[in-house]
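Engineer: Predicted model and sequence follow; I will ask about them next.
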Protein chains: 2
Amino acid sequence: MATAIELLDAAGEHGLTFRALATKLATGPGTLYWHVANKSELLAAATDAVLMDILNGERSDESPEDTVRSAALSIFNAIDAHPWVGPQLSRNSWQSPTMLHVFELIGQQLQRAGVPSDAQFACVTALVTFILGAGNQNALNARVHTGSSTRTEMLDAVAHEWEELDQADYPFMHDMVQTMRDHDDEEQFLAGIDMILAGAGITKATAAKRGKRVKNQK
Amino acid sequence: MATAIELLDAAGEHGLTFRALATKLATGPGTLYWHVANKSELLAAATDAVLMDILNGERSDESPEDTVRSAALSIFNAIDAHPWVGPQLSRNSWQSPTMLHVFELIGQQLQRAGVPSDAQFACVTALVTFILGAGNQNALNARVHTGSSTRTEMLDAVAHEWEELDQADYPFMHDMVQTMRDHDDEEQFLAGIDMILAGAGITKATAAKRGKRVKNQK
DNA sequence: ACCTGAACACCGTTCAAGT
DNA sequence: ACCTGAACACCGTTCAAGT
């Protein structure tokens, strides 16, 4: 299992090969089928192993929003570090033990924050969808521009393409070029989480309890 | 190109094979490489073909939020109908002409709705991430439980699994079982979009002007 | 300029045969 | 009970050779 994760981290999902794994374990490819039914089971097991570690480290002694934010960020970063887990988690988000754990974790915080019960489901769903979606996006972006290009080179390439768009047809994209170049991925991600939380009625009100006086300030 | 889309719709991304496409076109596999560089270029072209059709049909004579909602839903449904486009769109969302079109479309509406300029980028990003994430999720869910099972059978299976979780460890999941069983995918999706819009400061105010559209009859 | 199809270097998976 | 590795049915991609 551990060496499977090594292979995955080294060369992505198609870097994990029954033959490669077998030779690395000094055995034959057929052997592996005695311990695992097929490749997707192998991937599922590897994914759970990687993510459970991270989730067990999560605390919930902060405010509900901060707990959600921190859990979300952990998952986001885990997908960034192990890009192959993203699609795997999405594949059966409602069945895998790992994702059930995530649902429960976030759900409890929403309840604590007083989200009305008929809105809770929509809210967890939206959050989980966003977390996995953003994670995947991020992981894919990193992998697509793999031409040994640094992050700034990559952003330059995108900026260049946006600038070449017709001004008349794409005024908005032209406005965004600078912002895009300056953006920070984590910050961007957390802004998205905050929007969903705000939309669910979780304002910074709870933060006021912890000392920030912003209760009724729009 | 058209027959490539046929193959993709029929059997997903790995249903499109150079050999299968070649025989369907009554030619050899090598021939295709004269017209297309590789498989990913083929997929990109197919994706653009499918989505551009849909986007060109979009209007923007409604309120900003409704325009965003309707565009979002169109994309969501397109991914549902052609599950293979989802990952493809995510792969280079900042480069593909199709996605630039989407960014521009949504961005313009946000500007129209008065979202402050320093929040616009975060907001489009969040919306696009959510749309693609939800679409992919939805498409994957449909494909995973492919055992000729109807939607209700599928939901039953998930419900059953949630009920088997330990009550003490998973109180939230137990609360959600019924809601999950009754949920509607589109409604759920739009609720997510609305949360992000609300979080960006686009409330239902504009909708009130038009006399309250009825969306949730249960 | 465009087509052909054999060939190369891979896959996941199976299975008779071993220990 | 567990391992072995040849074999099967596939892939994407290339390339000398044709028209």
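Structural biologist: Ah, there it is.
Engineer: Every contact and neighbour count from this point should use C-alpha atoms.
Structural biologist: Fine.
Engineer: Give me the number of neighbouring residues for A:Ala10.
Structural biologist: A:Ala10 is flanked by 12 other residues according to other C-alpha atoms under 10 Å in any protein chain shown.
Engineer: so how far is A:Ala78 from it?
Structural biologist: Distance, A:Ala10 to A:Ala78, using C-alpha to C-alpha, to the nearest Å: 15 Å.
Engineer: How many residues are close by A:Asp61?
Structural biologist: 8.
Engineer: what about the residue of chain A found nearest DNA strand D, is that helix, strand or coil?
Structural biologist: Distances between chain A and DNA strand D by C-alpha to the nearest atom of the strand are smallest at A:Gly30, namely 2.9 Å. Secondary structure, DSSP: H, G, I helix; E, B strand; the rest coil: A:Gly30 is helix.
Engineer: Enumerate every residue touching it.
Structural biologist: The contact partners of A:Gly30, by C-alpha atoms under 8 Å, 6 or more residues apart in numbering or on different chains, come to none.
Engineer: again, only using 10 Å
Structural biologist: Going by C-alpha atoms under 10 Å, 6 or more residues apart in numbering or on different chains, A:Gly30 touches A:Phe18, A:Arg19, A:Ala22.
Engineer: so what pLDDT did it get?
Structural biologist: Note for A:Gly30: predicted pLDDT of 95.
Engineer: what's the spacing between it and A:Arg19?
Structural biologist: 9 Å.
Engineer: Please compute how far the top helix by length along chain A lies from its chain's middle.
Structural biologist: Longest helix in chain A, counting residues (DSSP state H): helix A:117-144. Distance of helix A:117-144 from its chain centroid, counting by C-alpha atoms, centre = their mean, to the nearest Å, is 7 Å.
Engineer: next helix or strand past it?
Structural biologist: helix A:151-163 (DSSP states H and E).
Engineer: which other residues reach that next one?
Structural biologist: A:141-142, A:144-150, A:170, A:172-183, B:94-97, B:100.
Engineer: Now the buried members of those residues.
Structural biologist: A:141-142, A:145, A:170, A:172-177, A:179-180, B:94, B:96, B:100 (16 or more other C-alpha atoms under 10 Å in any protein chain shown).
Engineer: what residues does chain A put near DNA strand C?
Structural biologist: A:14-20, A:29-31, A:33, A:37-40 (C-alpha under 7 Å from any atom of the strand).
Engineer: Between these, which sits nearest A:Arg112?
Structural biologist: A:Ser40 (36.4 Å; C-alpha to C-alpha).
Engineer: Contact partners for the closest one?
Structural biologist: A:Ala46, A:Gln88.
Engineer: For B:Leu7, see how far away it is.
Structural biologist: Distance, A:Ser40 to B:Leu7, by C-alpha to C-alpha: 23 Å.
Engineer: Check A:Val50 too.
Structural biologist: Distance, A:Val50 to B:Leu7, by C-alpha to C-alpha: 35 Å.
Engineer: same question, A:Arg59
Structural biologist: Per C-alpha to C-alpha, A:Arg59 is found 48 Å from B:Leu7.
Engineer: Pick out whichever of the two has more residues nearby.
Structural biologist: B:Leu7 (19 against 11).
Engineer: I figured that one hits B:Arg19, correct?
Structural biologist: No - when contacts are counted by C-alpha atoms under 10 Å, B:Leu7 is not listed as touching B:Arg19 (11.5 Å).
Engineer: Could you point out which residue ranges in chain A have low pLDDT?
Structural biologist: Applying pLDDT under 70 to chain A flags the ranges A:60, A:144-148, A:204-218.
Engineer: quick one, helices of it?
Structural biologist: Taking DSSP H, the helices of chain A run over residues A:2-11, A:18-24, A:29-35, A:39-56, A:64-81, A:85-91, A:97-112, A:117-144, A:151-163, A:171-182, A:185-199, A:205-209.
Engineer: can you give me how far the third one is from the chain middle?
Structural biologist: Looking back up the chat, that one is helix A:29-35. Here helix A:29-35 is found 32 Å from its chain centre; the criterion is C-alpha atoms, centre = their mean.
Engineer: In PDB, list the C-alpha atoms belonging to that helix.
Structural biologist: Backbone C-alpha positions of helix A:29-35 (Å, rounded to 0.1, in the frame of the first residue of the first chain) are rendered in PDB as follows:
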ATOM      1  CA  PRO A  29       1.700  -8.800 -11.400                       C
ATOM      2  CA  GLY A  30      -0.600 -11.700 -10.900                       C
ATOM      3  CA  THR A  31       0.200 -11.900  -7.200                       C
ATOM      4  CA  LEU A  32      -1.400  -8.500  -6.500                       C
ATOM      5  CA  TYR A  33      -4.700  -9.900  -7.600                       C
ATOM      6  CA  TRP A  34      -4.800 -12.200  -4.600                       C
ATOM      7  CA  HIS A  35      -4.800  -9.200  -2.300                       C
END
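Engineer: Against B:Met52, how distant is the residue nearest to A:Ala126 when sequence neighbours are not counted?
Structural biologist: Nearest non-adjacent residue to A:Ala126, counting by C-alpha to C-alpha, 6 or more residues apart in numbering or on different chains: B:Gly192, 5.1 Å away. According to C-alpha to C-alpha, B:Gly192 and B:Met52 sit 24 Å apart.
Engineer: cool, A:Pro116 as well?
Structural biologist: Relative to B:Met52, and taking C-alpha to C-alpha, A:Pro116 is found at 39 Å.
Engineer: So which of the two has more stuff around it?
Structural biologist: The neighbour comparison of A:Pro116 against B:Met52 (other C-alpha under 10 Å) goes to B:Met52, with 15 against 12.
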